[in-house]
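Trainee: Build the 3D model from these lines:
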Amino acid sequence: MELIDKLSDYFSNAEFNVPVSQVMTLVTINALCLFLGKNKLGLLVSYCFVVYWGFVFNRANFVSVLGKTELGLYVYAFFGISTALIAVVGFLRQE
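Mentor: Predicted coordinates:
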């Protein structure tokens, strides 16, 4: 229960910083995907950026809240990668 309280407090008071260059890269790639009619690819790119920003870029913030336990980070990475793989399989599937 203490972990849930820590995470709840963290997410309600947290400030995530994302570099403007990465936001501009995301906007540019998504704009190209929309112009080329690759909507599914644009969704996948957006998802990958969000997972990157949450896991890689803000990892230090999560570790500072959770302490030395890295189980939550591994669970986050596992579900992030597995969701991306399921999305790729779903996008490639022909109906």
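
Trainee: what about the most centrally placed residue in the chain, helix or strand, and which?
Mentor: Centroid check for the chain by CA atoms, centre = their mean gives Val51 as the closest residue, at 1.6 Å. Element membership for Val51, per DSSP states H and E: helix 39-52.

Trainee: hang on, the earlier thing: from what I see, the residue nearest to the centre of the chain and Gly80 are in contact.
Mentor: Yes. Using CB atoms under 8 Å, Val51 is in contact with Gly80, at 4.1 Å. Where you see a C-beta, it was placed from the backbone N, CA and C, and this is true even at glycine.

Trainee: hmm, back to that, and the next helix or strand past the helix holding Val51?
Mentor: Per DSSP H and E, the first helix or strand lying C-terminal to helix 39-52 is helix 59-66.

Trainee: thinking Ser46 is in contact with Asn30, fair?
Mentor: Yes. Using CB under 8 Å, Ser46 makes contact with Asn30 at a distance of 6.3 Å.

Trainee: Those two - which one has more neighbours?
Mentor: Asn30 (18 against 14; other CB atoms under 10 Å).

Trainee: which SS class is that one?
Mentor: Three-state call for Asn30 (DSSP: H, G, I helix; E, B strand; the rest coil): helix.

Trainee: who touches it in this structure?
Mentor: By CB atoms under 8 Å, 6 or more residues apart in numbering, Asn30 lies in contact with Gly42, Val45, Ser46.
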